[in-house]
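J.: Let's see this in three dimensions:
(one chain, ligands or ions: 1)
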Amino acid sequence: MNDIQQPLDVVVMGEILVEVATDLPFAHGVPARLGISGDALNVAAAAAAAGASVGLLSVLTDDELGSAIAARIAELGISTDLLKFRRGQQGVYLVHSDPDGEREFSYARNGSVGSTLGPDDVDSEVFAAAGAVVAGGIACAISATSRAAVVKAASLAKRFVYDPNYRPRLTTAEAATAALTELAPHAFLVTPSFPGETSALLGVSSAGEAAAKLRSLGTAHVAVTCGAKGVQLESDGVSAWIPAIPAPAVVDQTGAGDAFVGTLTARLVLGDDFPTAARYGVAASSLVVGGKGGTGLIPTFQQTRAHAAAGSADVTEGAVPSNA
Ligand code: KDG
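T.: Numbering: from 1, shown residues only. Have a look, this model is predicted:
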């Protein structure tokens, strides 16, 4: 039994990782800074900052590292009630600050405690009651049990949100495509990135085609993220291009996509319409890139709203730029 009383607005699931971040390329003697990150934590932090009550299902080590991670989760305004603690090793990734977003992470996570997540960890009542449940392709890639937990969560959720988050160092394009194809029919929202995920996982060459393909599989809302350009939205009655908002500072792209997903999901659950919620998501991710690491800078909702209002370009009905 879980002691959570209120339905949560948003439940996020996935692996939390220790982040080892450097400013310089990896080499012996290069100084590094520890952080706590991972796509699930980045999404949950953004959703909480955007005003949602948020729970995070993740497995942590039952030692002082797990306790420190739980303390960070609480500090970010996220409920710790769904966390599990087990004997094992916390997954780690190494990254050096990446303003262009082109570097891949170097992982030490095989057999990690986070990858022991399984269907029994998914509390049916909590997941069915939540306003939205968010999971991603990384949780599907790290182990068969974690993938099965995501599938169970998708079948329970009122609104299931799936970010394909394809990581070639964790999985194959075939396996990531299979996960997306299985989950898309259950999804309230899918957020593929263009052109990387739309071509590798959906085999299409434009954001519009990607959205149409996911909609034909049964996904209710699609937000195709087109990097520094903007986001294409498609759902019943909505076809809109949300232009990106220039970032005041670009230090590291890690977590930008997660901030978009977390903010968008939170604002949809809290009642904003799709273009308005996406505009907030775009504003949050434009601010997040000013911080180092996945949760180095989490803007408050006041900051996100002000940045969205100050952004120069407007939402365009139906228009997809020719190169997206
Ligand atoms: O989306 C950002 C994540 O990729 C980063 O936080 C690391 O979670 C991570 C992962 O598993 O790659």
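J.: And for the residue nearest the centre of the chain, nearest residue in space, chain neighbours not counted?
T.: For the chain, the residue nearest the mean C-alpha position is residue 258 (3.5 Å; CA atoms, centre = their mean). Using CB to CB, 6 or more residues apart in numbering and skipping residues adjacent in sequence, the residue nearest residue 258 is residue 42, 3.4 Å away. C-beta here means a position set from N, CA and C on the backbone, and glycine is covered the same way.
J.: Give me the pLDDT for that neighbour.
T.: In this prediction, residue 42 carries a pLDDT score of 97.
J.: cool, and the one 10 residues further on?
T.: In this model, residue 52 is scored at 98, pLDDT.
J.: Quick check: it is in a strand.
T.: No - the assignment for residue 52, made by DSSP: H, G, I helix; E, B strand; the rest coil, is coil rather than a strand.
J.: ok, which stretches of the stretch 51-200 of the chain are helices?
T.: 64-75, 124-129, 137-142, 144-156, 173-183, 196-202 (DSSP state H, counting those that start in this stretch).
J.: Show me how far the fifth one is from its chain's centre.
T.: I take that to be helix 173-183. Relative to its chain's centre, helix 173-183 lies at 17 Å (CA atoms, centre = their mean, to the nearest Å).
J.: Now do the buried residues in that helix.
T.: Across helix 173-183, burial judged by 16 or more other CB atoms under 10 Å covers 176-177, 179-180, 182-183.
J.: Of those, which is the nearest to the ligand?
T.: Distance to the ligand, by CB to the nearest ligand atom, is smallest for residue 176 among these, at 12.8 Å.
J.: Grab the nearest non-local neighbour of that closest one.
T.: Here the residue nearest residue 176, using CB to CB, 6+ apart, is residue 166, at 4.8 Å.
J.: what's near enough to touch the one you found?
T.: Under the criterion of CB atoms under 8 Å, 6 or more residues apart in numbering, the contact partners of residue 166 comprise 137, 173, 176, 196-197, 200-201.
J.: which of the residues you listed lies closest to residue 231?
T.: Proximity of those to residue 231 (CB to CB) peaks at residue 197, which lies at 13.3 Å.
J.: Report the contact partners of that closest one.
T.: Residue 197 is in contact with 164, 166, counting by CB under 8 Å, 6+ apart.
J.: Residue 58 reaches residue 84, doesn't it?
T.: Yes - at 7.4 Å, residue 58 and residue 84 qualify as touching, with contact defined as CB atoms under 8 Å.
J.: Looking at the two, which one has more neighbours?
T.: Remark: of residue 58 and residue 84, residue 58 carries more neighbours, 27 against 17, as counted by other CB atoms under 10 Å.
J.: quick one: pLDDT of the more buried one?
T.: For residue 58, the predicted pLDDT is 98.
J.: give the contact list for it.
T.: 13-16, 38, 40-41, 82-84, 114, 117.
J.: Equivalent analysis for residue 130, please.
T.: Taking CB under 8 Å, 6+ apart, we find residue 130 in contact with 7-11, 55, 157-158.
J.: Now restrict the residues you listed to buried residues only.
T.: Burial by neighbour count, 16+ other CB under 10 Å: within those this picks out 8-11, 55, 157.
J.: Show the contacting residues for the closest residue to the ligand within the stretch 101-250 of the chain.
T.: Nearest residue of the stretch 101-250 of the chain to the ligand: residue 138, at 4.4 Å (CB to the nearest ligand atom). Taking CB under 8 Å, 6+ apart as the definition of contact, the neighbours of residue 138 are 14-15, 38-40, 165, 167, 170.
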